[in-house]
Each structure stands twice: as C-alpha cells, then as structure tokens.
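K.L.:
Let's see this in three dimensions:
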Amino acid sequence: MEGKRPSETTEAAKRKVVKKKDPNAPKRAMSAFFFWMTENRDRLKKPGMGVADVAKAAGVEWGKLSDKTKWEKLAENDKKRYEKEISQYRGK
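P.N.:
Below you'll find the model as predicted:
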C-alpha cells in the first residue's frame, strides 16, 4: 500500500457546487400535510418535546386521519398558484 495516494478526481468529485438560489423565485407549493401541520402544530407540541418528536406525533396522527379533503384542496390551490407564478417567472 506504500506509494498509494487518493486520486485528485475522487477528492474533486466529493465537493459539490452549491447553486445560489434566486431570492425572486416563487416559493414552492405546500403539501396537504404541511397545511394540516400549520393548523395543528401548537396542539401537538408539548413542553420538552423536540422538533423530531412533534413531527413523529404529527405523522402518526396524519396517517390515522380519514378526512383530508380540506387540506388536499388547499394544497391543490397552492400548487396552481405555484405553477402560475413559476411560468411567469420563467417567462420574464
């Protein structure tokens, strides 16, 4: 193994070029779960719970939820908004 060095290409391949985000780009559409989460986060949050614990509890409750139509409708409208804004943004 003497004389072996890590090749420069593998070291260069490990580095990723981070693309700068355009601050004028439209915000992505939110999912139905995120709309539900914004309404229910305070109810789910308990003192001493971490962010991951709140997210786990929310995921379990969201999975058991039978009527998601309210939030799915909000997500659908937000998706239409995003598609409209992104087409205007790309067309400038």
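K.L.:
and the longest helix seen in the chain, how far out from the chain's middle?
P.N.:
Taking DSSP state H as the assignment, the helix of the chain that covers the most residues is helix 69-90. Its chain's C-alpha centre and that of helix 69-90 lie 15 Å apart, by CA atoms, centre = their mean, to the nearest Å.
K.L.:
do the same with stretch 35-49
P.N.:
Shown here is stretch 35-49, whose average C-alpha point lies 17 Å from the average C-alpha point of the whole chain (CA atoms, centre = their mean).
K.L.:
Which positions within the longest helix of the chain qualify as buried?
P.N.:
Across helix 69-90, burial judged by 16 or more other CB atoms under 10 Å covers Trp71, Leu74, Ala75, Asp78, Tyr82. Using the backbone N, CA and C atoms, a C-beta is placed for each residue, glycine as well.
K.L.:
if I pick the residue nearest the centre of the chain, what's in contact with it?
P.N.:
Nearest residue to the geometric centre of the chain (CA atoms, centre = their mean): Met30, 8.0 Å. Met30 makes contact with Leu74, Ala75, Asp78, according to CB atoms under 8 Å, 6 or more residues apart in numbering.
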